[in-house]
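Participant: I would like to see how this sequence folds:
(one chain, ligands or ions: 1)
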Amino acid sequence: MSDPELASRLARVDAAIADAARAAGRDPAELTRIVVTKFHPASLVRELAALGVRDMGENRHQEARAKHDELADLDLAWHFVGQLQSNKARAVRAYAASVHSVDRASLVDALAADDGRALDVFLELNLTEDPGRGGVDPEALEPLAERVLAAPGLRLRGVMAVAPLGADPRGAFARVREASERLRRLAPEATAISAGMSGDFAEAIAEGATHLRIGTAITGDRPPRG
Ligand SMILES: *Cc1c(COP(=O)(O)O)cnc(C)c1O
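Facilitator: Model (predicted):
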């Protein structure tokens, strides 16, 4: 079922992204807008592709792989943004352009492969006090980065974070920017910051985000997972 509002939501979000970039003195062209299509059918991804979207985000392996396979005729880049079990890492590597949720050494080791290609990797920061949430403690960022730098087949792009619910997103993203600056002392090429979702992308852009992960503001409400 095609969604007549999809194109206008996409255009509205892209205009808001450009406004936020200009307000921050940044060039909108330096931002990558990833549309998070989790829960939505492959047909919606196809509609997005027809509107010129190339970067798609998913948070579960089986769903991501199924869409990747069904849409293999399209030239899409799949970004894995959800928590990832190490035993699924190799399978994700096979179709993903990037993994935004790398948060532990065992996952780095499981994603690494000497297969002649480089998988883009973002280190996810846990900005909450709850260790059960995904992400590495910002204090433990450097050793994890060293592990990626030493691993074959991985390209360290930067950091990723989700602003904690109920907190001021600007303050949360300021912490992400600070972690990014520390990371760049160790890995000068790792300049990317994956931050900003439907409700807080303007704040993320103000704090230097380079990769926005936007779902519902573009796709509309997610159908229940079934
Ligand atoms: C679902 C999801 C998003 C998109 O969230 P929206 O609020 O729908 O924009 C971004 N990042 C991650 C990690 C997600 O799981």
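Participant: in the chain, which ranges drop under the pLDDT threshold?
Facilitator: Along the chain, segments meeting pLDDT under 70 span 1, 225-226.
Participant: For this protein, just list every one of the strands.
Facilitator: 32-36, 55-58, 77-80, 98-102, 119-125, 154-161, 192-194, 211-214 (DSSP state E).
Participant: Generate JSON lines for those strands, with mean neighbour count as supplementary columns.
Facilitator: All C-beta spots, glycine's among them, are computed from the backbone N, C-alpha and C. Formatted as JSON lines, the strands of the chain follow (neighbours: other Cβ atoms under 10 Å):
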{"stretch": "strand 32-36", "mean neighbour count": "22"}
{"stretch": "strand 55-58", "mean neighbour count": "24"}
{"stretch": "strand 77-80", "mean neighbour count": "23"}
{"stretch": "strand 98-102", "mean neighbour count": "27"}
{"stretch": "strand 119-125", "mean neighbour count": "26"}
{"stretch": "strand 154-161", "mean neighbour count": "25"}
{"stretch": "strand 192-194", "mean neighbour count": "26"}
{"stretch": "strand 211-214", "mean neighbour count": "25"}
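Participant: need the ones you listed in a markdown table with distance to the ligand, can you?
Facilitator: Below are those laid out as a markdown table (distance: least, Cβ to the nearest ligand atom, whole Å):
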| stretch | distance to the ligand |
| --- | --- |
| strand 32-36 | 4 |
| strand 55-58 | 6 |
| strand 77-80 | 9 |
| strand 98-102 | 7 |
| strand 119-125 | 8 |
| strand 154-161 | 8 |
| strand 192-194 | 8 |
| strand 211-214 | 4 |
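Participant: T219 touches L6, doesn't it?
Facilitator: Yes: under the criterion of Cβ atoms under 8 Å, T219 makes contact with L6 at 7.5 Å.
Participant: So which of those two has more stuff around it?
Facilitator: Legend: neighbour count by other Cβ atoms under 10 Å for T219 and L6, higher for T219 (24 against 18).
Participant: quick one: contacts of stretch 132-142?
Facilitator: 82-83, 101, 103-104, 123-127, 131, 144, 159, 161-162, 175, 179, 182-183, 186 (Cβ atoms under 8 Å, 6 or more residues apart in numbering).
Participant: what about that stretch, how long is it end to end?
Facilitator: By Cα to Cα, to the nearest Å, the extent of stretch 132-142 from end to end equals 20 Å.
Participant: R175 - how many residues pack around it?
Facilitator: There are 15 residues near R175, going by other Cβ under 10 Å.
Participant: which residue packs closest to it, ignoring adjacent ones?
Facilitator: L127 (6.2 Å; Cβ to Cβ, 6 or more residues apart in numbering).
Participant: Adding distance to N87, write the strands of the chain out as a markdown table.
Facilitator: Formatted as a markdown table, those follow (distance: least, Cβ to Cβ, whole Å):
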| stretch | distance to N87 |
| --- | --- |
| strand 32-36 | 24 |
| strand 55-58 | 18 |
| strand 77-80 | 15 |
| strand 98-102 | 14 |
| strand 119-125 | 17 |
| strand 154-161 | 18 |
| strand 192-194 | 24 |
| strand 211-214 | 24 |
